Every structure is written in structure tokens, then in C-alpha cells.
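Engineer: Sharing a model that was predicted from the sequence below.
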Amino acid sequence: MRWRMLQRFDIIVVGGGHAGIEAAWAASRLGASTALITMSAEAIGRMSCNPAIGGLGKGQMVREIDALGGLMALATDQAGIQFRMLNRSKGPAVWASRAQCDRDAYPQAVQQLLRQATSLDIIEGSVETIETADQSRGRQPTDTGLRTQLCHGASAPCSDPPLAPVLSVVGDGKLSRRVTGVTLADGRRIKTDAVILTTGTFLRGLMHCGQEQTDGGRVGEPAAVGISAALLSLGFELGRLKTGTPPRIHRDSIDYTVCEIQPGDDVPIPFSHMTDAILQRQVDCWVTWTNAGVHEHIVANLHRAPMYSGQIQSRGPRYCPSIEDKVVRFADKPNHQIFLEPEGYDNERIYCNGISTSLPKDVQDAFVHEVPGLERARILQYGYAVEYDYVPTHQTKVSLETKLVGGLFLAGQINGTSGYEEAAAQGLIAGVNAVRSLRNEEPFVLGRDQAYIGVMIDDLVTRPPLEPYRMFTSRAEYRLLLRSDNADQRLTPVGRRLGTVDDSRWARFQVKSEAIAAIESLARRGALDGVSLPLWMRRPDADMATFADALAGLSPRVFDANDVMQVITAAKYSGYVDRQARQIERFRRLESMAIPELTDYGTMAELRFEARERLSRVAPATLGQAARISGVTPADITVLWIYLTGRRRL
Amino acid sequence: MLDRLDTTIVAVSSAPGHGAVGIVRLSGPNAIAIVEGMSKLTGEIPLVCGSGSTRISGEVRPAADIGLPAVFYVFRTPRSYTRQDLVEIHSLGSPAVLEMIRGRAMALGAVAAQPGEFTARAFLNGAMDLSEAEAVAGVIRAQSDTQLRASRRMMDGRLAHVISGVRDELAELLALVEADIDFAEEPIEFITPTDLRDRLAAIAERLSRLSSEAKSTERFDQLPRILLLGRPNAGKSSLMNILSGTSRAICAAAAGTTRDILSAPIRLGRGEAILLDAAGVDQSDDEIIAQARMLTLDAAQQVDLVCLVVDLSAAEDDAALELVRTLGLVRVVVAANKCDLLSATEVAHRIRRMEAWNVGPVQRVSARTGAGIDSLRAAWLDALGDDAGTTLGEAMLLSERQRSVIADACEAIQRTMKLSESATETVDYADLAAFELREALDALGSVSGAVTTDDLLARVFANFCIGK
């Protein structure tokens, strides 16, 4: 990480949040000269909301980011103060890690890692405009992306399906715009070929605490205003979303004796494939509950809540409602859970997870004091809601480049997502693809059958979200394949080919792969309870200890428990994986049929009107994507396909 | 459909409705093998079929105990419409029969063709050029709309009610299992293993009851049979035409399918009946018709109702009357045809005489003008009495496809229940249970509409207070 300033960079990343970090890291890893522009270098990697990483679907994504060479898991392993593996009782495909982090240690870890990047400059400043120039549409790479090898766990590697001949695109000489640089608020101009916007909640951010409204994306930090105007003038359609945070209270003002303790796992399991063990001290969290007294205060003051007074019109996430929402919508529920989560070893703030609110300060004081254990709580920071601009994703390609402006990429909340993990994953993809676009390479696209990251981006571009998008495991139809345990098997070879996986990670991966292959080959020779070991492992009661004993009987070699576990897990799912493989085979065929970017659906009279409208809006890159757009029927797809095939024959 | 050109597809390709002859068409690499597996052919299928098709007669066997006269037209690749191996099975035009033949082909590995899929294959395999492509797209659009309407019609009433009820309950259960996975940190027990098992058992029970209660359209041999008896000029064929509707004309328009009617399923009350015409057969020696005559005469021994068709304007039909009496049939309805040719007084007079025969109720009709046809149907329904009631009545008809969909859903549900057998506290293997439940839903979705992840999440958010 360099601190000097160049006049020109290959890539400019705007924003130092979780998307910006990964974007800058990936771009510089690929050798592009990269600048990360942030309002405050010290704020890079800051956690606006809950200082926790992971959870269902999210944890899987963090593992994927790591397998591809990203930062998030490494920083979490360094800063985590409480690790928990969720869903342990429900089958390894849906196990997910979650870690509470030290709010101060996390950004430090991130900044420390970024310092290792060789071609990355950090620039403090506020981007006001995005400079563009007309360009004629000469080169027109289609957006099917680079198909990458998928490994079904350790058992059934399958080869790439051949790419269908890409339909040639008619160069119609239409003009489009291309990024040339950015201008900062202080007048500095920096030239570049690609800009990645990762503005989080800062785009015209407006915070609400009761009737009190403050411009800003985070408490004490100013909003970014110029970029919204710049995007509008480039012809983008902007939308507005809302999210919220709960109050933070002083740790010494809580009566823990009435709270339920919630410890972390005895043996914390690291996020990163590079981490051997979590050595730092682990802390406890606590749980308490709201009650009738709390609810009374809230109901009595609803007219002062911006969401109810009409002061906030934009949509917030259904999966993360404010406490006023919970009380109103589930009026018959006598109490709601509150997690009291320490923000760090030395940090005196406790995050009150579960009571995000935008009620005025006096109401927050009143209702918090009704909560058992919080009677004398001192609120250090009041909860607030924040509204911000985003760019609805029908304007974005799967590469995360915008359709309107060449070289302009978007990642994170600007794409309507919520969550650090979702943002980080997009940042990584945008960083890689920004570099690839400069090199005239095909965009890097992960399929829905390869990664949660692929599921998320495909969801974004085919079904633009109307509320902040959060990952759930249920969004992944190939969930049984996309497990935490095999993220590296699925993606590290891909990252190696991309150039984001460094030598040390690659070496480690190869060692692990060799061990797994050795275990599998041993298992093929062994038997237990009268059946071969591979068959035995499929049984629901197959446990690791028995299997490890069986292995020990076959070879003196001592294997890592995680590797043994992974072999068992892969075996458990192999039957289902075979069933899914057939679904995937069909899925991929449609996925490999490209649709030219300039396809004019208006002329396809046989498409239903609704289908024409949806297809024109989303402009899918493949027939597979087209098929996932809501309101497009299988018959529409056939009609479309016939048109496309007909055109190819011409 | 674009992603499975190497499969063998099957469809009923004559127009929907009741025609004289119906066609089931198969296209794909296994088309010939599948047909051989379900037929008794009088000749060998040649390895090469000259310039056009090879015509082979024989019997199609949609079930072990049922053989139906049929003619097979075999087109070898690439000399076929789709440029793949293609077989047309021409047999009786009953929707029930055709559905059964199709079901048998599917049991042997064919998959149901989607609207326009034959045409799409023809296009893809180069049998058409671009100038035809847009017309093809139009055809697909139209076919899909027609089929949509047709399937909506089929899904009317109780069947739709039951299936969509089951689908909703399954979606609810899947939503709960998914919530259990995705909202693991919530202090909510979305569903207990016992609850899941019990509710699944109830669904399985409902589905299997549906399967056993519902009349299968394949059991066409259980449909009531009505035999038209009468002299050649009495107007039986005209009556048959008018009763079987306009579909005959559509069917006959397809090249090479024009045949005289010898039997046709017709709508009767809320279900179907098979109308057999003993006449007309002597005018042709065509194989199908000859074999069908045998079928008809055979059926005459066990018809449920004889309709004596009499030409009111001609001399009395003693021969037919004699035959009816000889057979000693219990149920007879007399159709006094061509009533439009005589004066009202004359009609009334002659009808009184026929009533005096005392063989059964007499109904005046005109096959030419359509007068009295509905009353004739009513008279038949009435005469069939309980037979009509039990055979048709409120029974739900399940097509082969619906039946297999229900069976698939049932199997997936059984697998889910098996998974949760050992679970005690939480739903162990919730990930696998969700996988199986999704399969069950996908199966039902093909007849009642798909359920998306967004639908599932919406259910959870609507019913549970989610969110830390």
C-alpha cells in the first residue's frame, strides 16, 4: 500500500468499505495499478452495523471469498472474539460460521493486509464526478463469462461443458460512454480506465433518529452527494433503500446477572483456509428480552417513528425489521430477543442486536430502561435509520459493469444488497472484472452451480431486488454442493487461474487436496460392518471417530481431522450430488447460450407483451438468465431461442 | 426444451377433442425402441426408410391386457419432420386412449413434449430455414396458449382444488424447514420433527387417496359404451359426427388421417362415454376399420346401452328392431332421426308407434339440424342410471401425466419422512429434507405452477418475526 499519488491509475475504487477493500485487493493482486479513494483512510474496513461476520449463506460466501484469495476471512480470523458454527445439528451443507469481531481490531487487520498490496494507493478525498467520454461500440465481448471448472466435492469432478458458439453481435456503431476518470471535491482530477463504485450507505445518505435528520452515511461521517448527481446525469435510474441500527450501550451499565449467557464454540473454527487455529481469547455474549413495558413505550410513540410518520418512504429489509416493526406486526408476541454483543476486548460499547430503531432518543432511553438487565443502561450511541441511493440492478451486467457506461463497475449496497459479506463478494468480482475488461478478457462469472457468489449476482441481475438483498442458503438451488467445507475445492483452482490465489495459498491447497485424495483412495480399499468404506460413509450414522479408526487400520499416516471430515461429508452427499448433477447439466446448457447485448425484443412479435417488456428491461446475457426472469415463460424462451438461432444462421 | 435434444419426446399430436383417429407422435433417438416395446407389429421396422415413411400395421398395447388396432408410420433420421427418428401411432381417437398410449411411452423413457417442441426440433435440426422460423414461433405461442387453456380446463374443479391445496401445504412445510435452516439464530422453533412427519403423512395420505379415488382416464374400458344400431341410411354416422363435435373435421384435415368414424368417445354428463358405430364399416376394407369393426362387434356383447337409430322418414326398421329384441338388451334408447323431414303431426304419430314397441324411451332428433341432440344425451344418461353415476358423476379424471406427477410427489414425501424418522429434537438433515420437499413441490409444480424461493421467504416473513 503506497501513500503517494499518481495522476493516472488502471483502476479506481471509490469507497473503503467491505466491497471496496476486496475490489482494490483483487485488482492490485492482478497487477493493475489501483487507487482506493475514501473520505478517511482510517475508516477503511470499518463496520457500520453489527461487528459480526458470517451467518447462514453469508458464512458460506466468506469461505468462497477466501477460497478465491480475498481478505475478509483472514481479517475475521484475526479480529474475531466469538466464533460459532450455526446449524450443527442440521447437516453439513447448511453449517455456517459466524464470528463476533473486535470493532477496532477488524479495520486494523484489514488495513494491515492492504499494506501488503504492491500496486495499491490509498487516496483520501470525496469523489464528486465521474468523467466519461463517448466511445463507439467496437469491441463487444458478450457477457457469458468465463466458465470455470466445477468440482462436486471431492468425489465427482466434471469437465466444462463446451461453450455454445457465441452469437455474433452486429456492430451497429451505436455510441456509448466510457469512464475516463474522476474528479474529487477539492478539484483534483485522476485519470483511469475503470471505476468501481462501492459507496455503501453513503450515496446521499440521510440518517433518521426520530424527527431529527442528519446527512451522512454513518454516524459522524458525511454523505456522498456528488456521485448520485453524476450517475443521474449519465442516465442511470436511482432507487432508495433504508436500513437501521440499534442503540449501543456501555458495558459497565448492564446487569448481566439477569441475562442469559451465550458462549461461543469451545474450539473456534476459523473462516480462512489459511488459518490453522484461532488463538485469541474468546468472549461471551448475552441474551435478554423485551417485555410489555418496552412495547408500551414503542406503541405510544409510533407517531414519532420516521417509518410510521411517513418521514421514511423507502423500503427496508423484511429479515431485519426495526423493533417498532416487530411490535406492530407481531402484536401478539409478548417479547423479542435482544443479543448483547461486545464490540471488542477494550471497546466499552455493547451492540443491542434485535432492537434496531429510528425512534427519537428520549423514547430509546425510555424503552431500553424497561429491558431486564438494562434498567440503568447508558446509551453511547442511539439507534438510527439510514436511507441511501442505490442503482437498481437491471442496469448492471453479471460482470458488475454497468450497461450504460463502459468501465464503470458497481459493488455492494449500491447494487441493493445488505451485509458486509454480500458487499465483499461483489467487490472481489468487480475488482477482477475491472482488470479483465482492461485486458479485453472475458468477464469472470461464477455460475449458480459453483458458488453462493454466483447465485447472488445472478439473482441481482435477473430479479432486481426491491428490498435490501441478503443471502440465504435457500436461495441456492444447488445448496448441497455449495458447502462451506468444500469452498476451496470449488473455487481455489478457479482463483489460481484468475491470478487472485497466491503461491502460499495454492501450496496449502495442494497439500490438502493430496491428503483428501489419499484418504479417499485408502477408503476405497477398506470395509466396515460388511460394506465397503465408501458405502459405509453414506450411512446417516457414519461418524468420524469410527471412520478415522478404520483409516488408521489401513495406513500409519496421520490425517488432519478436517480433511477426514471433508471426505465423510462429501460421501454423505454423494447420492444427492449425483441427482443434482443432472439438474445442473440441463441448467448449464441454457446458461451457455448467449444473447447478444443489443437484442431488440420489441421486434419479436411472438413474445408476449409482458415478456418483451421484462426482457428489454433486464437484457439478460444468456438464455438461462432470461428463463429466470419473473414473468418470462418457457414458451417465451423457446420463441426467443428460435429468433436467436435464426439470426445466427443468417 | 432446448436443453434436451437428445431425449425422446412424445405427444398426442392430433387436435384435442374426440376425433375418429388419433395420433401419438414420438421423436428422438429412442423413438423406435420405445414403440417396439409397446406394440405388436405385423412387420419389421426397416433400418432405412426410403424417401418417406414406412407404414406398418399392428396393435399398440398401452397396458398389458389391452391391445388396440393401430397403424405405425416410421420415419428414420434424417428423413423426418424433426430430422430425428420419428414414429406416428395412429389409433382410436379417444383422448383417454391417446393419453394412455402417451403414458406408456413415458413409462418406457420418453418425456412429455412441450408445446411446439417437435417444431422446435425440426427447426434446430435444419429442417426449416429462417423464413419459416418466425411462423414457427407464432405456432409455438399459439400452441402454448391452447395448451394452457386446455390444462386450465382440466384443472377445473376438485382436482385443482386438491392439488393446489397439497401444493400450498407442502410449500408451507418447506418454508418452515428452510426457515429452520436460514434463521437458526432466531429463538423460534419453526417446526418439530414430529410435526413435520405428521403433516407429511397427512399429505401423503391425501395424495394417495386422490390417486385411488380418481378415475384414471386410461381406464377407458370402464367408460360406458353406447352402441349405435340401425340401417346404413338411418343417419348413424351423422349422429356420430354431431355428437363427437367439430374435432373430427380438424383431425381429418391432417394428411393421411382421414378415416370413417367407427367409434368415438363423447362427452356425456360430466364424463365420457364411448360411442360405437356398427355401420359404415362395410364400405371399406381399411385395416384399422376392419379391426375396429371386430372390436365394435366384440363390444356389442357388453355394451351398456344400445341406441337404436331409426329413420323416421323411411319405412319401419324391422330388422334392427328384431336384432335389439334378439340380443335381449336391457337398456335401449330409440333415436328417431330425421324428424326435420316430416310434419309435426306425422312425427308425433310415428313416435307413438315406436313407443309401442316397448323397447325403451324414444327421442326425436335431427342429426342434420342438431335438434334434440341434448335431449338424446340426457336420455342416454338417464338410461345408464347408476352406471353413469358411478362411472362418471363426481369422479375426477387423472391423466397419465397427472398420475405420474402425483406418484413422484408421493415418493419424495416418503423419502422426506424416512429422513426425519430418526430425528428427535430438531429436524436433523434439514438440508436433505428440504431437497426432497423441493422435488415434491417441483413435481406438483408442473401441473399447478411453480413455487419460488421468494414465495417461500415471503411465507416466513409473513408469519414469523424474523430479525436480530
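Structural biologist: Looks like it arrived, so ask away.

Engineer: give me the element residue 375 is part of.
Structural biologist: In the absence of a named chain, chain A is used. According to DSSP states H and E, residue A:375 maps onto no helix or strand at all.

Engineer: Chain B was what I was after
Structural biologist: Per DSSP H and E: residue B:375 is located in helix B:373-384.

Engineer: In terms of secondary structure, what does that helix contact?
Structural biologist: Applying 3 or more C-beta pairs under 8 Å, 6 or more residues apart in numbering or on different chains; DSSP states H and E, one finds that helix B:373-384 contacts helix B:236-244, strand B:263-268, strand B:305-311, strand B:332-337, strand B:362-364. (Glycine included, C-beta is placed from N, CA and C.)

Engineer: what helices or strands is the helix ranked longest in chain A leaning on?
Structural biologist: Counting residues, the longest helix found in chain A (DSSP state H) is helix A:561-591. Helices and strands touching helix A:561-591, by 3+ C-beta pairs under 8 Å, 6+ apart, are strand A:150-152, strand A:156-158, helix A:503-525, helix A:533-537, helix A:544-554, helix A:623-628.

Engineer: between the helices and strands packed on helix B:373-384, which gets the lowest average pLDDT?
Structural biologist: Ranked by mean pLDDT, the helices and strands packed on helix B:373-384 end with strand B:263-268 at the bottom, a mean of 68.

Engineer: if we can go back for a sec, give the buried residues for the longest helix of chain A.
Structural biologist: Buried residues in helix A:561-591, counting neighbours by 16 or more other C-beta atoms under 10 Å in any protein chain shown, are found at A:563-574, A:576-577, A:580-581, A:584, A:587-591.

Engineer: From the rest of the structure, what touches stretch A:210-221?
Structural biologist: A:39-40, A:43, A:46, A:48, A:199-203, A:205-207, A:222-225, A:304-306, A:309, A:311, A:358-361, A:363, A:381, A:384, A:386, A:388 (C-beta atoms under 8 Å, 6 or more residues apart in numbering or on different chains).

Engineer: For chain B, which of the helices and strands packed on helix A:561-591 is the nearest?
Structural biologist: Evaluated over the helices and strands packed on helix A:561-591, closeness to chain B peaks at helix A:623-628, with 7.0 Å, by C-beta to the nearest C-beta.

Engineer: for the helix or strand following the closest one, the distance to its chain's centre please.
Structural biologist: On the C-terminal side of helix A:623-628, the closest following helix or strand by DSSP H and E is helix A:634-649. How far helix A:634-649 lies from its chain's middle: 34 Å, per C-alpha atoms, centre = their mean, to the nearest Å.

Engineer: Ok, stretch A:574-583 next?
Structural biologist: 26 Å.

Engineer: Send me it as CSV with only the CA atoms.
Structural biologist: These are the backbone C-alpha positions of stretch A:574-583, laid out as CSV (Å, rounded to 0.1, in the frame of the first residue of the first chain):
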residue,chain,number,x,y,z
SER,A,574,-22.7,-38.0,-3.0
GLY,A,575,-26.1,-39.6,-3.8
TYR,A,576,-27.8,-36.2,-3.8
VAL,A,577,-24.9,-34.6,-5.6
ASP,A,578,-25.4,-37.1,-8.4
ARG,A,579,-29.1,-36.2,-8.5
GLN,A,580,-28.2,-32.5,-8.6
ALA,A,581,-25.6,-33.1,-11.3
ARG,A,582,-28.3,-34.0,-13.7
GLN,A,583,-30.2,-30.8,-12.9
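
Engineer: do you know how far residue B:443 is from residue B:166?
Structural biologist: Applying C-beta to C-beta, to the nearest Å, the value for residue B:443 to residue B:166 is 11 Å.

Engineer: for whichever helix or strand residue A:244 is part of, what is the average pLDDT?
Structural biologist: Assigned by DSSP H and E, residue A:244 belongs to strand A:239-245. Here strand A:239-245 scores 93 as its mean pLDDT.

Engineer: Which residues does that strand contact?
Structural biologist: Against strand A:239-245 from outside (C-beta under 8 Å, 6+ apart): A:48-49, A:201, A:307, A:312-317, A:320, A:322, A:356-358, A:383-392, A:413, A:416, A:418, A:467-468.

Engineer: ok, then the element right after it?
Structural biologist: Next helix or strand after strand A:239-245 toward the C-terminus (DSSP H and E): strand A:248-250.

Engineer: Identify all contacting residues around stretch A:315-325.
Structural biologist: Here stretch A:315-325 makes contact (C-beta under 8 Å, 6+ apart) with A:241-244, A:246, A:290, A:294, A:298, A:302, A:305, A:307-308, A:329, A:336, A:354-359, A:367, A:385, A:418, A:466-468, A:470, A:472, B:457, B:461, B:465-468.

Engineer: next one: stretch A:537-553
Structural biologist: A:519, A:522-523, A:526, A:528, A:533, A:536, A:559, A:561, A:564-565, A:567-568, A:571-572, A:574-575, B:422, B:429.

Engineer: which parts of that stretch are buried?
Structural biologist: Applying 16+ other C-beta under 10 Å to stretch A:537-553 flags A:537, A:542, A:547-548, A:550-551 as buried.

Engineer: what about it, start to end distance?
Structural biologist: 16 Å (C-alpha to C-alpha, to the nearest Å).

Engineer: Listing request: residues of the stretch 251-400 of chain B with sub-threshold pLDDT.
Structural biologist: B:251-265, B:270-272, B:277-303, B:315-330, B:386-400 (pLDDT under 70).

Engineer: Need the overlap of contacts for residue B:443 and residue B:166.
Structural biologist: Common neighbours of residue B:443 and residue B:166 (C-beta under 8 Å, 6+ apart) are residue B:409.

Engineer: Would you agree residue A:130 is in contact with residue A:195?
Structural biologist: Yes: counting by C-beta atoms under 8 Å, residue A:130 touches residue A:195, with 5.9 Å between them.

Engineer: neighbour-wise, which of these two wins?
Structural biologist: Comparing residue A:130 with residue A:195 by other C-beta atoms under 10 Å in any protein chain shown, the one with more neighbours is residue A:195, at 29 against 25.

Engineer: Tell me which residues touch the more buried one, please.
Structural biologist: So residue A:195 contacts A:11-14, A:130, A:179, A:182, A:407-409 (C-beta under 8 Å, 6+ apart).

Engineer: Let's see that with 10 Å instead.
Structural biologist: A:9, A:11-14, A:35, A:37, A:127, A:130-132, A:179-182, A:227, A:402, A:405, A:407-410, A:434 (C-beta atoms under 10 Å, 6 or more residues apart in numbering or on different chains).

Engineer: Likewise for residue B:176?
Structural biologist: With C-beta under 10 Å, 6+ apart, residue B:176 has these contacts: B:188-192, B:195-196, B:199, B:427, B:430, B:434, B:437, B:456, B:459-460, B:463-464.

Engineer: can you check residue A:79 too?
Structural biologist: A:45, A:47, A:51, A:53, A:99-110, A:280, A:344 are the contacts of residue A:79 under C-beta under 10 Å, 6+ apart.

Engineer: Quick check: pLDDT value at it.
Structural biologist: Reported pLDDT for residue A:79: 97.

Engineer: Name the helix or strand for the nearest residue to residue B:437 once chain neighbours are set aside, please.
Structural biologist: Excluding the flanking residues, the one nearest residue B:437 by C-beta to C-beta, 6 or more residues apart in numbering or on different chains is residue B:174, at 4.4 Å. Under the criterion of DSSP H and E, residue B:174 resides in helix B:157-182.

Engineer: avg pLDDT for that helix?
Structural biologist: pLDDT averaged over helix B:157-182 gives 84.

Engineer: Which is the succeeding secondary structure element to that helix?
Structural biologist: helix B:193-213.

Engineer: Stretch A:59-66 close to chain B?
Structural biologist: No: judged by C-beta under 10 Å from any C-beta of the partner chain, stretch A:59-66 stays clear of chain B, getting no closer than 10.8 Å.
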